[in-house]
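# Please find the sequence and the predicted model below.
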Amino acid sequence: MTQKKYFPIIISSPSGGGKSTVCDEILARRNDVAYSISYTTRKPRKNETDGVDYYFISREKFNQMLKQDVFAEWAKVHGHLYGTSKKVVENVLNKNKHVILDIDTKGARQLMSAYPQSLSIFLFPPSMKELENRLRKRETDNEADIQLRLKNAKQEFADATDYDVLLVNDDLDRLVEKILEIIDNKSLK
Ligand code: ADP
Ligand code: 5GP
């Protein structure tokens, strides 16, 4: 029998593209996948919990961790610093689980070179109009933040060529089923 392989699963998209939603769905359906909780200097939004959604830290602490070479990847995104701890990734893989990461395109590139066995997936929104609708409906960002996120989406689309798989986040259920099928095919190869 083929030995099942475990690897990082990178999910990227522009802000509002559905990364958190897709990660949550996958985590709810599968117990062989665990989430990589990132470190960030961004302030928590309502409904976000420290140690669950992110480890919320100061810039000073982030810079100290950078010097200590804690991060497998890090990037400045929409004006805040975000990073993935090497230890978090290794701990999950050592437990024989896939580790799923919701990270930006600059960080994804670093993670792909640190873990060449990664599966990288970029999610496109059905349209720019729908992306804007979803960002507004989410009610987590102010107008300036929404405009910044829509502007940054253009560069993120250009970076999508780095990814193994490009998918459109239209019907959520069908998208999640497709991603699970891709994960299973790769893990048994
Ligand atoms: P991201 O984590 O990429 O910033 P979210 O997962 O927060 O994006 O999704 C942005 C908004 O769009 C959320 O309100 C979410 O419920 C909604 N959303 C995500 N996927 C879909 C979909 N397939 N159809 C409709 N709404 C969606
Ligand atoms: P948000 O602040 O909306 O949760 O996330 C903003 C952006 O930061 C998203 O594109 C998200 O994927 C990215 N992000 C979250 N955590 C990390 C991380 O650890 N590293 C990198 N490079 N990007 C991250």
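Nice, I can see it. Ligands and ions are numbered 1, 2, ... in the order given.

# so what pLDDT did the most centrally placed residue in the chain get?
Nearest to the geometric centre of the chain sits residue 102, at 1.0 Å (C-alpha atoms, centre = their mean). On pLDDT, residue 102 comes in at 98.

# for residue 2, same thing?
69.

# what's around the closest residue to residue 58 other than its chain neighbours, how many residues?
Using C-beta to C-beta, 6 or more residues apart in numbering and skipping residues adjacent in sequence, the residue nearest residue 58 is residue 41, 6.7 Å away. No exception for glycine: its C-beta is placed from N, CA and C like everyone else's. The burial count assigned to residue 41 is 19, neighbours taken as other C-beta atoms under 10 Å.

# Would you mind listing where the protein has pLDDT under the threshold?
Along the chain, segments meeting pLDDT under 70 span 1-2.

# OK, now which residue of it is nearest to ligand 2?
At 2.1 Å from ligand 2, residue 107 is the closest residue in the chain, using C-beta to the nearest ligand atom.

# SS state for the closest residue to residue 164 other than its chain neighbours?
Nearest non-adjacent residue to residue 164, counting by C-beta to C-beta, 6+ apart: residue 120, 4.8 Å away. Secondary structure, DSSP: H, G, I helix; E, B strand; the rest coil: residue 120 is strand.

# just checking, residue 120 touches residue 159?
No: at 10.7 Å, residue 120 does not count as touching residue 159 under the criterion of C-beta atoms under 8 Å.

# neighbour count winner among those two?
More crowded of residue 120 and residue 159, by other C-beta under 10 Å: residue 120, with 23 against 15.

# would residue 65 count as being in a helix?
Yes: according to three-state DSSP, residue 65 belongs to a helix.

# Next up, the contacts around it.
Residue 65 sits next to 39, 57, 71, 83, 85 when contact means C-beta atoms under 8 Å, 6 or more residues apart in numbering.

# The residues you listed: which ones sit near ligand 1?
When contact is defined as C-beta under 6 Å from any ligand atom, the contacts of residue 65 do not meet ligand 1 at all.

# For residue 162, give its distance to ligand 1.
Between residue 162 and ligand 1 the computed distance is 17 Å (C-beta to the nearest ligand atom, to the nearest Å).

# Name the nearest residue to that residue, ignoring sequence neighbours.
Nearest residue to residue 162, sequence neighbours excluded (C-beta to C-beta, 6+ apart): residue 109, at 5.8 Å.

# So that neighbour, which state does it fall into?
Classification of residue 109 using three-state DSSP returns helix.

# all helices of this protein, in order?
Remark: helices assigned in the chain by DSSP state H are 19-29, 59-67, 86-94, 105-114, 128-138, 143-159, 172-187.
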